[in-house]
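Visitor: Here is my input, please return the structure:
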Amino acid sequence: MSMTYSIPRNITYGEGAFESLGTLKGARAMLVTGGSAMKTNGFLERARKLLEQAGFAIRIIDGVEPNPSVETVQRGAKEMSDFKPDWIVAIGGGSAIDAAKVMWALYEHPELTFEQMLTPNSIPPLRTKARFAAIPSTSGTASEITAFSVITDTNKHIKYPIVSAELVPDRAILDPMLPATMPPEVTANSGMDVLAHALEAIASTQATSLTNPSAYEAARLVFEYLPIAYTYPTDMYARAKMHEASVLAGMAFSNASLGLAHALAHKLGGEFDIPHGLANALLLPYVIEFNRMNAEDNPYEFLEEFLGVDDLADAVRELNEVLGLPTSLSEAGIAGYSDEKFAQVLDRMSQNALEDPCLLTNPAQPTLDDVRQIYQAASLGIGAGTQSCGMDREIPIQSS
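Guide: Sure thing, here's the model as predicted:
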């Protein structure tokens, strides 16, 4: 069976990489960003000046929400159609980059509907109107080098992954000074997203000798450097290493795809306003245990040897503890979350997770009851892969 391995187009990385934005050539650039962090820390204004000095007229789309919505990308595409940029520059977290990608696709192909883009690789060729540059402020989603975007349908309460090789940015600019300005909780959440990408790529049924080396190295870098970046925010070496980990994990999952943790996290994020990385951090230990118990072979055996850990799920839990992350959804302080609402949406959320395309490459296929049990265990913070059923017994998380 033939396979395809794709790599990013162009990456500029390391301290001072931000200045390379001034080397772009064109006439009009649309800057896309999220909340106030890029403004407050001066990066948005610096980007504007670099592009203006390079001869660009500039327009800005800001206010992209943490979970970008269909409405936001449609609004952005209309603004692009009015301005007609030849470069789109996304600066900020993965949400801003994800949103800008889909704005770009709708700008180049106004006839496209959001529903049409949900079919993998259905986006027609881009770059007839504009090219795309991404400058991430976090080491997390790897959207700056991948073919993925995640957009939320707020009416259906579902996050949809959109996949197309056309969406891989033309330029990725990775400067550690941007994530160095982020709050500790953002460093922790985004770093755990990197780890989830690496571990799911390793466990994927599409993992190969081409995808594994970058995934293994990404996992090693996260375990070594994420605690340093979290504890010492301005340690530029650790920040640079986390950027590298994000890129390596992104290369791995772009080619091997993901798995159950992301399927669960997407649907949890569609129901509650939880950071994607935090959702992965909470769910990942239970998914590791489920896969180890139900996959034909233990997909983490060689990784545990490589990292020198006895139990990968426990190692993830310990890393979460070092990063000060909550141990359950109930204690996470998620906007809009309550135990009552969780119970109300559990069945819908579980069924939607089973339909997520990330599940296709998970090494073990869960039942609806498996998914419900994992969600319930994560909501309560129950350890050792078990779910309390409110009685004097526990039910192992495994397929029946």
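Visitor: So Phe132 belongs to a strand, correct?
Guide: Yes: using DSSP: H, G, I helix; E, B strand; the rest coil, the secondary structure at Phe132 is a strand.
Visitor: That one and Met38, how far apart?
Guide: For Phe132, the distance to Met38 equals 17 Å [C-beta to C-beta, to the nearest Å]. For every residue, glycine as well, the C-beta is placed using N, CA and C.
Visitor: okay, those two: which has more neighbours?
Guide: Phe132 (27 against 24; other C-beta atoms under 10 Å).
Visitor: and the nearest residue to that one once chain neighbours are set aside, how many neighbours?
Guide: The spatially closest residue to Phe132, leaving aside those adjacent along the chain, is Pro169, at 4.6 Å (C-beta to C-beta, 6 or more residues apart in numbering). Using other C-beta under 10 Å, Pro169 has 27 other residues around it.
Visitor: quick one: Pro169 and Pro136 touch, right?
Guide: No: between Pro169 and Pro136 there is no contact under C-beta atoms under 8 Å: 10.2 Å.
Visitor: Please identify every residue contacting each of the two.
Guide: Contact with both Pro169 and Pro136 is made by residues Ile97, Glu144, according to C-beta atoms under 8 Å, 6 or more residues apart in numbering.
Visitor: Nearest spatial neighbour of the residue nearest the centre of the chain, chain-adjacent residues omitted?
Guide: Closest to where the C-alpha atoms of the chain average out (C-alpha atoms, centre = their mean) is Thr141, at 3.2 Å. What sits nearest to Thr141 in space, not counting adjacent residues and going by C-beta to C-beta, 6+ apart, is Gly94, at 2.8 Å.
Visitor: Neighbours of the one you found, how many?
Guide: As a burial measure, Gly94 scores 29 neighbours (other C-beta under 10 Å).
Visitor: my guess is it contacts Ser139, does it?
Guide: No: if you go by C-beta under 8 Å, Gly94 and Ser139 don't touch, sitting 10.0 Å apart.
Visitor: overlap in contacts of those two?
Guide: Common neighbours of Gly94 and Ser139 (C-beta under 8 Å, 6+ apart) are Ser190.
Visitor: In which helix or strand does Ala198 reside?
Guide: Take DSSP states H and E as the rule and Ala198 turns out to sit in helix 184-203.
Visitor: typo on my end, it should be Thr12
Guide: Here Thr12 sits within strand 11-13, counting by DSSP H and E.
Visitor: If we go by neighbour counts, what in the helix or strand just after that strand is buried?
Guide: Using DSSP H and E, the next helix or strand after strand 11-13 towards the C-terminus is strand 28-32. Buried residues in strand 28-32, defined by neighbour count with 16 or more other C-beta atoms under 10 Å: Arg28, Ala29, Met30, Leu31, Val32.
Visitor: Quick check: the farthest pair among these?
Guide: Arg28 and Val32 (13.5 Å; C-beta to C-beta).
Visitor: Contacts only, for the nearest residue to Ile123 once chain neighbours are set aside.
Guide: Sequence neighbours aside, Ser164 is the residue nearest to Ile123 in space, at 4.0 Å (criterion: C-beta to C-beta, 6+ apart). Taking C-beta under 8 Å, 6+ apart, we find Ser164 in contact with Ala105, Met117, Pro120, Asn121, Ser122, Ile123, Ala147.
Visitor: Now do the same for Ser164: its pLDDT.
Guide: Ser164 is assigned a pLDDT of 92 by the prediction.
Visitor: mind listing what's buried in stretch 179-195?
Guide: Buried, per 16+ other C-beta under 10 Å, within stretch 179-195: 179-182, 186-195.
Visitor: Need these in CSV (columns: distance to Val70).
Guide: Listed next are those as CSV, based on distance: C-beta to C-beta, whole Å:
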residue, distance to Val70
Pro179, 28
Ala180, 33
Thr181, 30
Met182, 27
Val186, 25
Thr187, 29
Ala188, 29
Asn189, 24
Ser190, 24
Gly191, 28
Met192, 27
Asp193, 22
Val194, 27
Leu195, 29
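Visitor: any idea which of the residues you listed is closest to Asn320?
Guide: Met192 (7.2 Å).
Visitor: Now do the residue lying closest to the closest one once chain neighbours are set aside against Thr187, distance only.
Guide: Residue nearest to Met192 in three dimensions, not counting chain neighbours: Ala281, with 3.8 Å by C-beta to C-beta, 6+ apart. With distances taken as C-beta to C-beta, Ala281 is found 12 Å from Thr187.
Visitor: Next: Leu51.
Guide: As defined by C-beta to C-beta, Leu51 lies at a distance of 28 Å from Thr187.
Visitor: just Tyr230 next, same as before
Guide: 5 Å.
Visitor: Phe253 now?
Guide: Going from Phe253 to Thr187 by C-beta to C-beta gives 20 Å.
Visitor: ok, Leu282 - contacts?
Guide: Listed by C-beta under 8 Å, 6+ apart, the contact set of Leu282 reads Asn320, Leu325, Pro326, Thr327, Ser328, Leu329, Ala332, Ala378.
Visitor: try Ile334
Guide: Phe272, Asp273, Ile274.
Visitor: So what does it have for phi and psi?
Guide: Per-residue torsions, Ile334: phi -80, psi 130 (degrees, to the nearest 10).
Visitor: Return the per-residue confidence for it.
Guide: 86.
Visitor: just to confirm, which helix or strand has Ala240 in it?
Guide: Going by DSSP H and E, Ala240 is part of helix 236-256.
Visitor: Quick one: the helices in the stretch 1-150 of the chain, in order.
Guide: 37-40, 43-53, 70-83, 94-108, 114-117 (DSSP state H, counting those that start in this stretch).
Visitor: Just give me the neighbour total for the residue nearest to Met192.
Guide: Neighbour count for Ala281, taken as other C-beta under 10 Å: 29.
Visitor: Check the gap between it and Phe272 for me.
Guide: 15 Å.
Visitor: ditto for Gln373
Guide: For Gln373, the distance to Phe272 - C-beta to C-beta - is 19 Å.
Visitor: So which of these two has more stuff around it?
Guide: The residue with more neighbours, out of Gln373 and Phe272, is Gln373; 24 against 21, by other C-beta under 10 Å.
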